[in-house]
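J.: Curious how this folds, go ahead:
(chains A and B)
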Amino acid sequence: NAGVTQTPKFQVLKTGQSMTLQCAQDMNHNSMYWYRQDPGMGLRLIYYSASEGTTDKGEVPNGYNVSRLNKREFSLRLESAAPSQTSVYFCASSEFPGTSPLHFGNGTRLTVT
Amino acid sequence: SQQGEEDPQALSIQEGENATMNCSYKTSINNLQWYRQNSGRGLVHLILIRSNEREKHSGRLRVTLDTSKKSSSLLITASRAADTASYFCATDHLGYSTLTFGKGTMLLVSP
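T.: Model (predicted):
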């Protein structure tokens, strides 16, 4: 009964390095999301995929790219990491966009030095 | 920004007391949801209330929604130490297909 699984749990990058955050859900949900959480800012949406084969920008997409690999998997890529991308990243999924509850993974803590 | 705002930012109570936190938003919604986040963990969905509903209960949780005032409240009755967490409201706004989260209320329940 895994739900939403994110890897890795922790990551430290140097400025300019790239990495991909992985997310997989086993609930057969149509929609998947990437949020970032910063102190005092709440959760902000980076990108989402309303259904397999579609992706859309959220509130803070700059510096990120996403891939909806299949219905289960949604990855987030940082091509050239910057200190401003130091944050906790959460992947979530829902049966339908907007109207359904979100199920969250436990997050990836990323530090960019 | 359509981000909702929770009030208060932090709340400290004793076990057995009730905890009330509020959420205000700016534009019309389809539904409003409340989530809990324990330290170092992902958010967990608590309750969803639709725009045509005024009150909803789930166990010790009671949520109200006043669309005329664009506000919602979450009441946790008979709080326990295990209720210590951050609580977030999230709004599904008309014309949008994603949720917008507030900044959260940190609740501390002391034994």
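J.: Mind jotting down where the strands sit in chain B?
T.: Taking DSSP state E as the test, the strands found in chain B are B:5-7, B:10-14, B:19-24, B:29-37, B:43-50, B:55-58, B:61-66, B:71-76, B:85-93, B:99-101, B:105-110.
J.: Looking at the residue in chain B that chain A sits nearest to now. What's its pLDDT?
T.: Residue nearest to chain A within chain B (C-beta to the nearest C-beta): B:G42, separated by 3.3 Å. Glycine gets a C-beta too; all of them are placed from N, C-alpha and C. B:G42 carries a pLDDT score of 94 in this model.
J.: before we move on, the earlier item: can you list the strands of chain B in a markdown table and add mean neighbour count?
T.: Converted to a markdown table, the strands of chain B look like this (neighbours: other C-beta atoms under 10 Å in any protein chain shown):
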| stretch | mean neighbour count |
| --- | --- |
| strand B:5-7 | 18 |
| strand B:10-14 | 14 |
| strand B:19-24 | 20 |
| strand B:29-37 | 23 |
| strand B:43-50 | 18 |
| strand B:55-58 | 12 |
| strand B:61-66 | 17 |
| strand B:71-76 | 20 |
| strand B:85-93 | 24 |
| strand B:99-101 | 26 |
| strand B:105-110 | 18 |
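J.: So which of those is nearest A:Y64?
T.: The closest of the strands of chain B to A:Y64 is strand B:99-101. By C-beta to C-beta, the value is 17.9 Å.
J.: what sits up against that closest one?
T.: A:35, A:42-45, A:98, A:102, B:1-4, B:25, B:33, B:35, B:88-93 (C-beta atoms under 8 Å, 6 or more residues apart in numbering or on different chains).
J.: ok, 7 Å please
T.: A:42-43, A:98, A:102, B:2-4, B:33, B:88, B:90-93 (C-beta atoms under 7 Å, 6 or more residues apart in numbering or on different chains).
J.: got it, and stretch A:66-82?
T.: Contacts to stretch A:66-82, defined as C-beta under 7 Å, 6+ apart, come from residues A:13, A:15-26, A:32, A:34, A:46-47, A:49, A:52-53, A:55, A:63-65, A:85, A:89, A:91, A:112.
J.: I'd like to know which of these are buried.
T.: A:13, A:21-25, A:32, A:34, A:46-47, A:49, A:55, A:64, A:85, A:89, A:91, A:112 (16 or more other C-beta atoms under 10 Å in any protein chain shown).
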